[in-house]
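[1] any chance you could fold what I've pasted below:
(3 chains)
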Amino acid sequence: MIEEKLKNIYARLFDSFGPQHWWPGDTPFEVAVGAVLTQNTNWGNVEKAIANLKNANALCPVAMDRMSEPRLAKLIRPSGYYNVKTARLKALISFLIRDYQGNIQRMKKGKPQELRKKLLGINGIGQETADSILLYAVGVPYFVVDAYTKRMFSRHGILSADSEYEDFQELFHSNLARDAGLYNEYHALIVKTGKTFCRPRDPLCGDCPLSEKGLPI
DNA sequence: TGCCAGGCCGGGT
DNA sequence: ACCCGGCATGGC
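    Purely as a prediction, here's the structure:
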């Protein structure tokens, strides 16, 4: 039973690592900024960029909207792809100001499905970034699928490695309660486990809580 | 030193 | 529908 497998994996990860207290960010806006900055990027580098924004007293929608692109690019430089990400942050913030007066909380009004479509319409916001914002900044239950999720659950034979984002997301949506708190913790535990054990060609399965009898993670 | 990190876009086939 | 190159820093 697939449902039992998913619940069993969750239980084992939670027992091993405990609550992860995600997303690592003080405000919904910081979460949204972090979601863009962490695209294909080590979280440690993102922290440096966010620290720069805080030091410049610039981690708010109005300040970042007004800021020149070269200045913003310089502040977020440690997170890599800084020119691309400057444009993406600008696009997200323009949208946020235009439709929600710069207040992410207001996204809770209206249908989550419509909001997701709107987010995906912003240049630079793909499925994972949109779902990260939805789940961790807005608090609506969309499961976030990242590289770790695909790697872990395909290596465990639950889905084939070349399955689509939607396939992985549907796996969780249809087999677990549609619960933001659960999705929050589950995804955070997947990342925690992935960072520790689940490199692309380096399983390191020995001490992983999921490794037993030829079940590499 | 090369590999890796909590993707996404645009152009080509 | 797929495939691919580009985007860039910092840690190990």
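[2] need the three-state assignment for A:Ile158.
    coil (DSSP: H, G, I helix; E, B strand; the rest coil).
[3] so it is in contact with A:Lys5, correct?
    Yes. Using CB atoms under 8 Å, A:Ile158 makes contact with A:Lys5 at a distance of 6.5 Å. For glycine as for every other residue, the C-beta is placed from the backbone atoms N, C-alpha and C.
[4] can you tell me how far the residue most central in space within chain A is from A:Glu170?
    Centroid-nearest residue in chain A: A:Ser132, 3.9 Å away (criterion: CA atoms, centre = their mean). From A:Ser132 across to A:Glu170, the span is 18 Å (CB to CB, to the nearest Å).
[5] quick check, pLDDT for whatever residue of chain A ends up closest to DNA strand C.
    Relative to DNA strand C, the nearest point of chain A is A:Gly80 (2.4 Å; CB to the nearest atom of the strand). With respect to pLDDT, A:Gly80 scores 98.
[6] excluding covalently adjacent residues, which one is nearest to it?
    A:Thr41 (5.2 Å; CB to CB, 6 or more residues apart in numbering).
[7] for that neighbour, what are its contacts?
    By CB atoms under 8 Å, 6 or more residues apart in numbering, the contact set of A:Thr41 is A:Ser79, A:Gly80, A:Tyr81.
[8] of those - the most surrounded one?
    A:Ser79 (25 neighbours; other CB atoms under 10 Å).
[9] where does chain A dip in pLDDT?
    Along chain A, segments meeting pLDDT under 70 span A:204, A:206, A:213-217.
[10] count of neighbours near A:Ala188?
    21.
[11] isn't it up against A:Trp22?
    Yes. Here A:Ala188 reaches A:Trp22: they are 3.9 Å apart, a contact under CB under 8 Å.
[12] quick check: residues of chain A near DNA strand C?
    Residues of chain A lying close to DNA strand C by CB under 7 Å from any atom of the strand are A:40-42, A:44-45, A:48, A:77-78, A:80-85.
[13] can I see the domain layout of chain A?
    Listed by automatic domain parsing, the domain ranges of chain A are A:2-21+A:143-207, A:28-138.
[14] get me the contact residues on chain A for DNA strand B.
    A:22-24, A:34-35, A:38-43, A:45, A:80-81, A:84, A:122-130, A:132, A:136, A:146-148, A:191, A:194-195, A:199-202.
[15] need the phi and psi values for whatever residue of chain A ends up closest to DNA strand B.
    Nearest to DNA strand B, among the residues of chain A, is A:Gly126, at 2.3 Å (CB to the nearest atom of the strand). With angles defined as degrees, to the nearest 10, A:Gly126 sits at phi -100, psi -170.
[16] which non-adjacent residue is nearest it?
    A:Leu120 (7.2 Å).
[17] and for A:Gly25?
    A:Val31 (4.2 Å).
[18] which secondary structure element contains the one you found?
    helix A:28-37 (DSSP states H and E).
[19] packing partners of that helix?
    helix A:43-55, helix A:82-100, helix A:127-132 (3 or more CB pairs under 8 Å, 6 or more residues apart in numbering; DSSP states H and E).
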